[in-house]
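# everything below, folded, please.
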Amino acid sequence: MKEKKYNVIYHKVKDKILSGEYKAGSKLPSKRVMSDLTGFSQITVATAYDTLASEGYIVSRERSGYYVCEIDGFVKEKHPNYNLSLLPEEDIVEEVGLETSVWFKTIRKVLTDRDEKLFVKSPNKGCAVLRNAISEYLYRYRGMIAEPRRIIIGSGAEQLYESVVKILGRDKVFGIENPGYGQIKAVYEGEGVKVQQLNLGEDGIDSAELDKEFDVLHVTPFNSYPTGVTTSVSKRYIYLKWAKEGKYIVEDDFDSEFFLPGHPIESLYSLDKEQRVVYINTFSKSLSPSMRMGYMILPEVLLSVYEEKLGKYSCTVPVLDQYVLAEFISSGNFERHLNRVRRRMKR
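Numbering: from 1, shown residues only. All right, here's what the predicted structure looks like:
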């Protein structure tokens, strides 16, 4: 890695100051002299001197030159040039199911059509174009009614779990599936909340486990990891009955796009009549692990709480990524991609 010219002079002079070779109060060689000594232009020397002055190593005195400042602290020994040990690029370790040509075509279209909109800061909850696209997709593909104003865009499931804790409060006890996806427990405990592990049966969490003391139930009703358990419809109604007592359910629907066979089992969110379900889904499984984008749908009763606690935070997903995903969904490419993957899974 080639070092910039002014940096060569900067480090050379800085090392001499810190090693004591250039003593406090002594005058540095003039820009012309330093230029002759190093072979660099006076402009390059001036840039290096200005950088040293801005950091407090030297001071400029009008019509006199540059002088070394008094530096508090230890004296650093001179060191040789440092060569950075660059990391090797990562190898592809899994198949990329997404047709990259379609994705890159979508990027080019967005760059052409959206132009300056891509340089405007994203609204707190995410760009309207993506929230609208997700709302329409959920209604068309899953039969779910989710008003766009209740959809919050985030950079993946883990960030959305953290948002749930901030909304519902760290004083709540979170019940999670056991066994379950390890990151769920790690994120909640990392946020400082107490976790209650609930044993899974063949059709979901054992009903007796719901009698334990906890306030928020985090479940993955479809194809729970690592067991593959899918919660039955009757057990889903048991979950919802549990939540009627002023409690909340976090529905983590990460694998629901790949239901086989036929129509997907109705989500807890769709069955909920009491506004007790926070729905979370991401595009990491359905598109690619590199797509650090997800969304949650808040019950109406939690919107004001969200505004109060998280309304001043910036959206964590770049605007370009939001517009590209919105176009990919609205154009029908997302559903075509899902159908293609499902056909391959059937085979």
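# what is the end-to-end distance of stretch 110-128?
Counting by C-alpha to C-alpha, to the nearest Å, you get 15 Å between the two ends of stretch 110-128.
# contacts for the worst-scoring helix or strand of the chain on mean pLDDT?
In the chain, the helix or strand scored least confidently by mean pLDDT, DSSP states H and E is helix 333-346, which has a mean of 83. Helix 333-346 is contacted by residues 97-99, 102, 106, 137, 140-141, 257-258, 260-261, 286-287, 328 when judged by C-beta atoms under 8 Å, 6 or more residues apart in numbering. Quick note: C-beta positions are derived from backbone N, CA and C, even for glycine.
# same question for stretch 45-54.
With contact meaning C-beta under 8 Å, 6+ apart, stretch 45-54 is reached by 6-10, 13-14, 28, 31, 34-35, 38, 58-60, 66.
# state the phi and psi torsions of the residue nearest to residue 210 when sequence neighbours are not counted.
In this structure, residue 210 finds its nearest non-sequential neighbour in residue 242, 5.0 Å apart by C-beta to C-beta, 6 or more residues apart in numbering. Backbone torsions of residue 242, given as degrees, to the nearest 10, read phi -60, psi -40.
# give me the number of residues near residue 242?
Residues within reach of residue 242, counting by other C-beta atoms under 10 Å, total 18.
# likewise for residue 336?
Neighbourhood size, residue 336 [other C-beta under 10 Å]: 13.
# coming back round to it: name the nearest of the contacts of stretch 45-54 relative to residue 184.
Nearest to residue 184 among those is residue 7, at 46.2 Å by C-beta to C-beta.
# pull the number of nearby residues for that closest one.
By other C-beta under 10 Å, neighbour count at residue 7 equals 15.
# assign the residue nearest to it when sequence neighbours are not counted to helix, strand or coil.
Leaving aside its sequence neighbours, residue 7 sits nearest to residue 48 (C-beta to C-beta, 6+ apart; 7.5 Å). Secondary structure for residue 48, judged by DSSP: H, G, I helix; E, B strand; the rest coil, is helix.
# ok, now residue 221?
Using three-state DSSP, the secondary structure recorded for residue 221 is coil.
# for it, phi and psi?
Residue 221 adopts backbone torsions of phi -70, psi -30, taken as degrees, to the nearest 10.
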